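Asks: Based on what follows, work out the 3D shape:
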Amino acid sequence: MSNGDLYVVLGCFGYRDDDFINCNGIENRILNINDNLMHYNKLMDYLDNCRLFDKATFDYNAIRHFIFHIRDKFEQPNKLIWSEKRFTTMERFTIDHRKCGLYLKLILINQKFKQEEEKKEEVKVFIPGSDNKINKMREILKRANNDKR
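Replies: Numbers count the residues shown, from 1 in each chain. Got it, this is the predicted structure:
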């Protein structure tokens, strides 16, 4: 298994008003999920409950709830999971890009391509047809993190 980092990505599809482009579409990695995070297992369970291992979510209210819930429930020792400035920026992004159509998804970045000028290969994290998705994803991440060492 190659090295990989799992990220939560917040993005928009872009917005055109006739022939005027307001936004071309943006994608931001908002959270790197790794086993060094406090509450890692609870966070993985929450991602599974949100069904982010199955598919991206496009529901505006679900995305806003996700961002607030992560901030409120998954505090790290002596610090927030996001700085107040970063949280405010993400909150503003969801408001400003609502017309674009928002999405929240998981991506797995292959480390081999990371060094080559940020040619980051995105691999879908969806594992269709599995009853045990969360455990398979944890195993993938565990192997990837062990390969790093």
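Asks: and stretch 20-27, how far apart are its ends?
Replies: With C-alpha to C-alpha, to the nearest Å applied, stretch 20-27 spans 20 Å between its terminal residues.
Asks: can you list the residues that contact it?
Replies: For stretch 20-27, contacts defined as C-beta atoms under 8 Å, 6 or more residues apart in numbering pick out V9, L10, G11, C12, F13, G14, Y15, R16, F93, H97, K99, C100. For the C-beta atoms, the positions are set from N, CA and C on the backbone; glycine is no exception.
Asks: Give the rounded mean pLDDT of it.
Replies: For stretch 20-27, mean pLDDT is 91.
Asks: And the strands in this protein?
Replies: Taking DSSP state E to define them, one finds strands in the chain at 4-12, 15-17, 20-23, 26-33, 102-110, 122-124.
Asks: closest one to S83 among the ones you listed?
Replies: Nearest to S83, of all those, is strand 26-33, at 12.0 Å by C-beta to C-beta.
Asks: In its sheet, which strands sit next to that closest one, and in what direction?
Replies: Here strand 26-33 is paired, per DSSP bridges, with strand 4-12 (antiparallel).
Asks: where in the chain is pLDDT low?
Replies: 1-4, 76-77, 111-149 (pLDDT under 70).
Asks: show me where it has helices.
Replies: 40-49, 60-73, 84-96, 133-148 (DSSP state H).
Asks: Would you mind putting the strands of the chain into TSV with mean neighbour count and distance to H65 alongside?
Replies: Shown next, in TSV, are the strands of the chain (neighbours: other C-beta atoms under 10 Å; distance: least, C-beta to C-beta, whole Å):
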stretch	mean neighbour count	distance to H65
strand 4-12	21	13
strand 15-17	12	23
strand 20-23	11	23
strand 26-33	16	14
strand 102-110	20	10
strand 122-124	14	23
